[in-house]
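sequence-free structure coming up:
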């Protein structure tokens, strides 16, 4: 059959266009009835609620969390990491302190279940885990963790170069054994080995984290490294991630730190440099510079993203007011917030500013605490971003 238009698209493409703007669409015959994963009335679901139960003692612990976020929930002030979900979390903990083992401070038994479903009821993720650990008198910790995980992939997922996981549900069961040295040591680290199924294959992993080497009382290094050997049905690959945090303390109230990371699998190198200064108790000043580069370019790596952030927090008032802000207000009434946002955009410059006011009041005492936050963000076409976010807080006690 002849037709006047652009040639038929070649699979997997479904649309082709010519210079005159004409379109040819490739039709596909369905081998089975079409199933739509959704609900026709979900546009009205703009609510969200959460219920929590948390009992945390030295010997026993119980936690239950139920979260529901509608498909069209608007958080107003804040952010929503994921919409249209129903999340249920349950956790039990038992920590006896043995009397006959002098080297062991306490045992650690914990089991948890975490379910996440979407609006129609499909299980997007499920994680069931059990952990046994020994906490020694010298603060070292030995742990064994078993995890049973299920995850639904709604679209093809590229996990490595030339390795793409298909759509559908995937499950894996890793076993992790780790040992962490206590924080009181001059040289400390945590090492872990993990092995088990991974999607449609197996994975062997080794990681060294929480490392810290104090070269001087002011200067320290925190190196990290992880190795993953993955053997899937599509292919096998190995990934490495190395990094280190460098910290220098000029004074007890001022320090500078830099986090450096390199991932050869994604050809990415990143750096995050931060300066923190507590110029008075409860008041801090931050300067942050973030830089990420692509190492595939010849010579010096190409710039991918870059940001420069300035943040300040302030606390003013009497000593009583400062103590009121330092800790949670007991017996508080519901918190009220007001927000006014202004946004405008230009081709070369984008500015986002918002202002918020928060006032929690005490039901038992005539104590009022106030805080204001003003944020301004500037970004140009070269990727530079400047964020100014001053925060002022004060309290009144009558």
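Everything's here; your move. Given the structure is predicted, the values throughout are model-derived calculations rather than measurements. Numbers count the residues shown, from 1 in each chain.

which SSE is the closest residue to residue 135 other than its chain neighbours in?
Counting by C-beta to C-beta, 6 or more residues apart in numbering, residue 105 is the residue found nearest to residue 135 once chain neighbours are left out, at 4.7 Å. All C-beta atoms are positioned from the backbone trio N, CA, C, and that covers glycine. Assigned by DSSP states H and E, residue 105 falls within strand 104-118.

quick check: buried residues in the next helix or strand after that strand?
Proceeding N to C from strand 104-118, the next assigned helix or strand is strand 123-136, under DSSP H and E. Judged by neighbour count (16 or more other C-beta atoms under 10 Å), strand 123-136 contains these buried residues: 124, 126, 128-129, 131, 133-135.

got it, and stretch 261-269?
Judged by neighbour count using 16+ other C-beta under 10 Å, the buried positions of stretch 261-269 are 261-263, 268-269.

show me where this structure has helices.
Taking DSSP state H, the helices of the chain run over residues 319-326.

please tell me how far the spatially most central residue of the chain sits from residue 217.
The centre of the chain sits closest to residue 81, judged by C-alpha atoms, centre = their mean, with a distance of 9.1 Å. Look at residue 81 and residue 217: by C-beta to C-beta, to the nearest Å, they are 39 Å apart.

doesn't residue 188 make contact with residue 209?
No - taking contacts as C-beta atoms under 8 Å, residue 209 lies outside contact range of residue 188: 10.7 Å.

where in this protein is the helix or strand with the lowest mean pLDDT?
Within the chain, no helix or strand scores below strand 336-345, which has a mean of 34 by mean pLDDT, DSSP states H and E.

low-confidence regions, the chain specifically.
Counting by pLDDT under 70, the low-confidence segments of the chain come to 1-3, 12, 19, 21, 35-44, 76-79, 314-398.

show me where the stretch 201-350 of the chain has strands.
With DSSP state E, counting those that start in this stretch as the definition, the stretch 201-350 of the chain shows strands at residue ranges 201-214, 219-231, 236-251, 254-263, 268-280, 283-294, 302-316, 336-345, 349-359.

so what secondary structure elements neighbour the longest one?
The elements that strand 236-251 packs onto, with contact taken as 3 or more C-beta pairs under 8 Å, 6 or more residues apart in numbering; DSSP states H and E, are strand 219-231, strand 254-263.

the first one vs strand 236-251, what angle?
The one in question is strand 219-231. Comparing the axes of strand 219-231 and strand 236-251 via axes from the mean of the first three to the mean of the last three C-alpha atoms, to 10 degrees yields an angle of 170 degrees.

in stretch 7-18, what's buried?
residue 16.

from the chain's centre, how far out does that stretch sit?
A distance of 39 Å separates the centroid of the chain from that of stretch 7-18, by C-alpha atoms, centre = their mean, to the nearest Å.

can you tell me what sits against it?
For stretch 7-18, the external contacting residues (C-beta atoms under 8 Å, 6 or more residues apart in numbering) are 5-6, 23-26, 28.

what is the nearest of those to residue 64?
Among the contacts of stretch 7-18, residue 28 lies closest to residue 64 (C-beta to C-beta), at 46.3 Å.

so who does the closest one touch?
In this structure, residue 28 makes contact with residue 14, judged by C-beta under 8 Å, 6+ apart.

quick check on it: phi, psi?
Backbone geometry at residue 28, expressed as degrees, to the nearest 10, gives phi -130, psi 130.

and what of residue 181?
For residue 181, the backbone dihedrals are phi -80, psi 150 (criterion: degrees, to the nearest 10).

was I right about it contacting residue 191?
No - here residue 181 lies out of contact with residue 191, judged by C-beta under 8 Å, at a distance of 9.1 Å.

check the gap between residue 264 and residue 239 for me.
Distance, residue 264 to residue 239, by C-beta to C-beta: 8 Å.

typo on my end, it should be residue 107
35 Å.

count of residues packed around residue 224?
19 (other C-beta atoms under 10 Å).

report the contact partners of it.
Contacts for residue 224 (C-beta under 8 Å, 6+ apart) come out as 207-209, 211, 241-245.

make it 7 Å
By C-beta atoms under 7 Å, 6 or more residues apart in numbering, the contact set of residue 224 is 208-209, 211, 243-244.

tell me what it is bridged to.
Residue 224 forms beta bridges with residue 243, as assigned by DSSP bridges.

residue contacts, the residue nearest to residue 147 when sequence neighbours are not counted?
Nearest non-adjacent residue to residue 147, counting by C-beta to C-beta, 6+ apart: residue 129, 4.5 Å away. Residue 129 is in contact with 112, 145-147, counting by C-beta under 7 Å, 6+ apart.

what's the neighbour count on the nearest residue to residue 96 once chain neighbours are set aside?
In this structure, residue 96 finds its nearest non-sequential neighbour in residue 107, 5.3 Å apart by C-beta to C-beta, 6+ apart. Per other C-beta under 10 Å, the neighbour tally for residue 107 reads 15.

check residue 230 too.
Other residues close to residue 230 by other C-beta under 10 Å number 19.

for residue 129, see how far away the nearest residue to it once chain neighbours are set aside is.
Of all residues not flanking residue 230 in the chain, residue 203 sits nearest, at 4.9 Å (C-beta to C-beta, 6+ apart). Distance, residue 203 to residue 129, using C-beta to C-beta: 16 Å.

what does residue 66 give?
Following C-beta to C-beta, the distance that separates residue 66 from residue 129 is 19 Å.

likewise for residue 148?
Per C-beta to C-beta, residue 148 is found 7 Å from residue 129.

got it, and residue 205?
With distances taken as C-beta to C-beta, residue 205 is found 16 Å from residue 129.

repeat for residue 291
36 Å.

cool, and residue 230?
Separation of residue 230 from residue 129 (C-beta to C-beta): 21 Å.

then residue 269?
33 Å.

from residue 94, how far off is the nearest residue to residue 92 once chain neighbours are set aside?
Among residues not flanking residue 92 along the chain, residue 111 sits closest, at 5.4 Å (C-beta to C-beta, 6+ apart). From residue 111 across to residue 94, the span is 9 Å (C-beta to C-beta).
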